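J.: 3D model of this:
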Amino acid sequence: MTSERVLFWQKKLAENQHILDLIDAGQFQASNGDVQDEQTTAEVLAWAARRVEEYATRIAEWSHR
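T.: Okay, here's the model as predicted:
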């Protein structure tokens, strides 16, 4: 059970890290292909960064059980 949860959180972390990587590379777009404005991109950046941090914490917690 623990390894399944760790794998789940690792997948979520990778998904959100991918969003951060796209933003960093200037390639982040909406699902319909539109380029996001600066404010939206900043909001997504903050959201994804929080998620990456959260998921890393959860992985660490579950890895020690």
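
J.: what number of residues lie near the spatially closest residue to A49 that is not a sequence neighbour?
T.: Closest residue to A49 apart from its sequence neighbours, by C-beta to C-beta, 6 or more residues apart in numbering: L20 at 6.4 Å. (Each C-beta comes from the backbone N, C-alpha and C, glycine too.) Using other C-beta atoms under 10 Å, L20 has 16 neighbouring residues.

J.: what sits against L20?
T.: 45, 48-49, 52 (C-beta atoms under 8 Å, 6 or more residues apart in numbering).

J.: residue boundaries of the helices in the chain?
T.: 2-24, 38-63 (DSSP state H).

J.: just put these in JSON lines and tack on mean pLDDT.
T.: Shown next, in JSON lines, are the helices of the chain (pLDDT from 0 to 100):
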{"stretch": "helix 2-24", "mean pLDDT": "94"}
{"stretch": "helix 38-63", "mean pLDDT": "94"}
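
J.: in this protein, which residue is closest to the centre?
T.: N16 (1.5 Å; C-alpha atoms, centre = their mean).

J.: isn't that residue right next to Y55, touching?
T.: Yes - with contact defined as C-beta atoms under 8 Å, N16 reaches Y55; the gap is 6.8 Å.

J.: dump the contacts of L20 into CSV; add neighbour count and distance to S31 as well.
T.: Formatted as CSV, the contacts of L20 follow (neighbours: other C-beta atoms under 10 Å; distance: C-beta to C-beta, whole Å):
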residue, neighbour count, distance to S31
L45, 15, 17
A48, 20, 15
A49, 15, 20
V52, 18, 20
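
J.: between those, which is closest to H64?
T.: Using C-beta to C-beta, V52 comes nearest to H64 of these, at 19.3 Å.

J.: and for that closest one, nearest residue in space, chain neighbours not counted?
T.: Sequence neighbours aside, N16 is the residue nearest to V52 in space, at 4.9 Å (criterion: C-beta to C-beta, 6+ apart).
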